[in-house]
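Asks: Next one to model:
(4 chains)
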Protein chains: 2
Amino acid sequence: MLEEGYAAVSSRRVGALVGMNAALVYYYFGTMDGLFIELFRRGAERSLDRLSLALMTPQPLWGFWDAVHDQGNSALTMEFIALANHRKAIRAEIAGYSKRFRQIEIDVLTRVLDGYGLDADTWPAVTVILAVAGISRFMLIEEQFDVDIGHAEMIAVIERHIRALEGERITGNVIGVDGSRST
Amino acid sequence: MLEEGYAAVSSRRVGALVGMNAALVYYYFGTMDGLFIELFRRGAERSLDRLSLALMTPQPLWGFWDAVHDQGNSALTMEFIALANHRKAIRAEIAGYSKRFRQIEIDVLTRVLDGYGLDADTWPAVTVILAVAGISRFMLIEEQFDVDIGHAEMIAVIERHIRALEGERITGNVIGVDGSRST
DNA sequence: GTCTATACCGAGATAGAC
DNA sequence: GTCTATCTCGGTATAGAC
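Replies: Now for the predicted structure:
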């Protein structure tokens, strides 16, 4: 799916990949849609876990930035968004998870930013979240196309603001993809 | 392509849609890739024209915001990005146009923002561009999924900053998709 | 649970008549 | 320039043996 796009994912190829028969895809997932939904769910649950961990850190803002800035799932997410364009079941799935993500981010960061003394009227927490997430994803997409004009400057600006609120990043808090904590 | 995804675009369907034979697609475009590239080019050229017009306005910042924020092209752009994941020719095409867009934006807005007295060290023009473009596109994607939590607040924050730099928006300057000027 | 066999469809692409 | 005819491939999905 990552290498050749969602259209290249077929029961025959999945079967061949795992060394089994293509018909088993239908036995286990019913339809191809079922397979895609299950695949999306597993990835989304992992991402939710990772986000929660990052937000429980002593530096939740740095944690959020790291979680959202990291590459891994970005290309796959794009593929699912394109896939959702014409598969209603998948569209509903993505919408549901997006809202869950957003709600967790809002719940935690509203308190955190308030604690840092950020004025919620000029910068509501949800706008900080949208800005960081949007800018991050945009840069990740551009990187896929080897377009990185201004990325370094953008990252510098964002990290300057995070630093002003939450202080210098303490590297020991970084949460890995597997939930591990770097030393 | 918009309604059912790029995978649903086939020579047979294109032929049927225009009431002619499927083989003509190959006569005119060589391959399906050729058709996609031509389609992308035409859309991109139109968007480039529109951007240029918006930046020639007496309020280039508002013009930029409108051009990037509106975009009926967003869903189509997502589809092309997904398509580019596994078609090298299209990937190169998108990369090239992205850089052209970015360069025009930088050329104009660097001068404009400097004229407004914005400090280029704390907020280089390219970071303003990336932020506005990234946040916009993120919200447009979310809207496709009926997720709009915090969008109104986000728009308010961005427009407040534009207003602080460029003053109240003068509606007579709005450039339509067709290049027309609203009254 | 895993397989084979198969039905059915539509994809990309080309050859060649007109 | 437009068509018909056709090749080859691989897709989704199901039936039914083992």
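
Asks: what residues does the lowest-mean-pLDDT helix or strand in chain A touch?
Replies: One helix or strand of chain A scores below all others by mean pLDDT, DSSP states H and E: helix A:74-84, with a mean of 84. With CB atoms under 8 Å, 6 or more residues apart in numbering or on different chains as the test, helix A:74-84 has contacts from A:1-2, A:5-6, A:36, A:40, A:43, A:90-91, A:93-94, A:137, A:140-141, A:144, B:5-6, B:78-79, B:81-83, B:85, B:141, B:144-145. Yep, even glycine has a C-beta here, placed from its N, CA and C like the rest.

Asks: closest point of chain A to DNA strand C, which residue?
Replies: residue A:21 (3.1 Å; CB to the nearest atom of the strand).

Asks: For the residue lying closest to that residue once chain neighbours are set aside, pull up the helix or strand it's in.
Replies: Spatial nearest neighbour of residue A:21, excluding adjacent residues (CB to CB, 6 or more residues apart in numbering or on different chains): residue A:15 at 5.4 Å. In this assignment (DSSP states H and E), residue A:15 forms part of helix A:11-17.

Asks: Counting neighbours, show which residues of that helix come out buried.
Replies: A:11, A:14 (16 or more other CB atoms under 10 Å in any protein chain shown).

Asks: Whether that helix contacts DNA strand D - can you check?
Replies: Yes: contact of helix A:11-17 with DNA strand D (CB under 7 Å from any atom of the strand) involves A:11, A:12, A:13.

Asks: Any residue of the longest helix along chain A touching chain B?
Replies: Taking DSSP state H as the criterion, chain A has its longest helix at helix A:88-115. Yes: residues of helix A:88-115 contacting chain B under CB under 8 Å from any CB of the partner chain: A:91, A:94, A:95, A:98, A:99, A:102, A:103, A:106.

Asks: So what touches stretch A:122-131?
Replies: Looking at stretch A:122-131 with CB under 8 Å, 6+ apart, the contacting residues turn out to be A:64, A:102, A:105-106, A:109-110, A:112-114, A:118, B:131, B:135, B:138-139, B:149-151, B:153-154, B:157, B:160.

Asks: can I get the CA coordinates of that stretch in PDB?
Replies: Taking Å, rounded to 0.1, in the frame of the first residue of the first chain, the C-alpha atoms of stretch A:122-131 are listed here in PDB:
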ATOM      1  CA  THR A 122      -5.900  35.000  21.700                       C
ATOM      2  CA  TRP A 123      -4.600  31.400  21.300                       C
ATOM      3  CA  PRO A 124      -7.200  28.800  22.200                       C
ATOM      4  CA  ALA A 125      -5.600  25.400  22.700                       C
ATOM      5  CA  VAL A 126      -7.400  23.900  19.700                       C
ATOM      6  CA  THR A 127      -5.800  26.500  17.400                       C
ATOM      7  CA  VAL A 128      -2.300  25.600  18.700                       C
ATOM      8  CA  ILE A 129      -3.200  21.900  18.000                       C
ATOM      9  CA  LEU A 130      -4.500  22.600  14.500                       C
ATOM     10  CA  ALA A 131      -1.500  24.800  13.600                       C
END
